[in-house]
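Peer 1: Any chance you could fold what I've pasted below:
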Amino acid sequence: MALEARIAELYAREFEEPISPFRAGQIADLMLSVLGSEIYNQAVRDVREHFQAKLDDLEGDVYWPPVDDA
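Peer 2: Model prediction:
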């Protein structure tokens, strides 16, 4: 997993402490369990906001004015 490799690189670079792939995986699992739902929920809110803006603009894009028969 890319996250595990990045965690191992971080520990080696910043803390001068190599960690095993297993330990890096445990840290990645903890990060995902703590942050995963927040990140997912924020993504859902962002997508909803994006589509709501598109829907709000839809009437102006496709509105056809009524014909005045007078």
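
Peer 1: all helices in the chain, in order from the N-terminus.
Peer 2: 2-14, 21-62 (DSSP state H).

Peer 1: So which elements touch the shortest one?
Peer 2: The one in question is helix 2-14. helix 21-62 (3 or more C-beta pairs under 8 Å, 6 or more residues apart in numbering; DSSP states H and E). Every C-beta, even on glycine, is put in place using the N, C-alpha and C of the backbone.

Peer 1: So, low pLDDT: which residues of this structure?
Peer 2: Counting by pLDDT under 70, the chain has low-confidence residues at 70.

Peer 1: Dump the helices of the chain into a markdown table; add mean neighbour count and distance to Asp68 as well.
Peer 2: Formatted as a markdown table, the helices of the chain follow (neighbours: other C-beta atoms under 10 Å; distance: least, C-beta to C-beta, whole Å):
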| stretch | mean neighbour count | distance to Asp68 |
| --- | --- | --- |
| helix 2-14 | 13 | 62 |
| helix 21-62 | 11 | 20 |
